[in-house]
Every structure is written in structure tokens, then in C-alpha cells.
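Asks: Build me a model from this:
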Amino acid sequence: MKALATAAILLASPAWAGYQYYLTDSLTAIDGSKWIVTGAVTPSRSGLTSPDANGGLLVSRLEIA
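Replies: Next comes the predicted model:
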């Protein structure tokens, strides 16, 4: 019974809990060596915003390691 309870707990926990992102960036500034900017986006202290209703897009230039 103990093994069944352990298996149920392991199966219920998310598989992505240990996922590590290949890039972490708070987007308070846009580094042109890391990002391609399309549209209107503005970096700020609180993160990335868009003054345009159509938004904007950042595309990573970095390869996934």
C-alpha cells in the first residue's frame, strides 16, 4: 500500500517542476544582441510594455542550449 501511495504522489507532481529556462531577462532594457524587436515595445522598470494597441514582439536571437 505504501508503494501505491508513493507512486500516486509521484504521478501527481508536475514533470516540469525542475525546468530551467535558457534565458532569464527582466526586460527592463532591450539588448539588441539577444532580441529582435518588431512593432512597438517599451522596456520599463516593471518590465516590457506596449504603447500601441496592436502590441509588439520580441524574438530571441539566442540558440536553445
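Asks: does residue 39 really touch residue 56, like I thought?
Replies: Yes: counting by C-beta atoms under 8 Å, residue 56 is a contact partner of residue 39 at 3.2 Å. Quick note: C-beta positions are derived from backbone N, CA and C, even for glycine.
Asks: anything in contact with each of these two?
Replies: Each of residue 50 lies in contact with both residue 39 and residue 56 under the rule C-beta atoms under 8 Å, 6 or more residues apart in numbering.
Asks: Looking at these two, which has the bigger crowd around it?
Replies: It is residue 56, of residue 39 and residue 56, that has more neighbours when counted by other C-beta atoms under 10 Å, with 15 against 11.
Asks: Give me the pLDDT for that one.
Replies: For residue 56, the pLDDT comes out at 89.
Asks: What separation is there between it and residue 37?
Replies: 7 Å (C-beta to C-beta, to the nearest Å).
Asks: Between the two, which contacts overlap?
Replies: Counting by C-beta under 8 Å, 6+ apart, residue 56 and residue 37 have no contacts in common.
Asks: For this protein, spot the helix or strand the model is least confident about on average.
Replies: One helix or strand of the chain scores below all others by mean pLDDT, DSSP states H and E: helix 2-12, with a mean of 59.
Asks: Share the number of residues neighbouring residue 64, please.
Replies: 7.
Asks: scratch that, residue 63 is what I was asking about
Replies: Using other C-beta under 10 Å, residue 63 is surrounded by 6 other residues.
Asks: Might one say that residue 26 is in contact with residue 47?
Replies: Yes: counting by C-beta under 8 Å, residue 47 is a contact partner of residue 26 at 6.5 Å.
Asks: does residue 38 have beta-bridge partners, and which?
Replies: Note on residue 38: beta-bridge partners by DSSP bridges are residue 57.
Asks: Please tell me how far it sits from residue 47.
Replies: Taken as C-beta to C-beta, the span from residue 38 to residue 47 is 18 Å.
Asks: what's the answer for residue 24, then?
Replies: Going from residue 24 to residue 47 by C-beta to C-beta gives 13 Å.
Asks: For this protein, give me the ranges with low pLDDT.
Replies: Applying pLDDT under 70 to the chain flags the ranges 1-17, 19, 21-23, 65.
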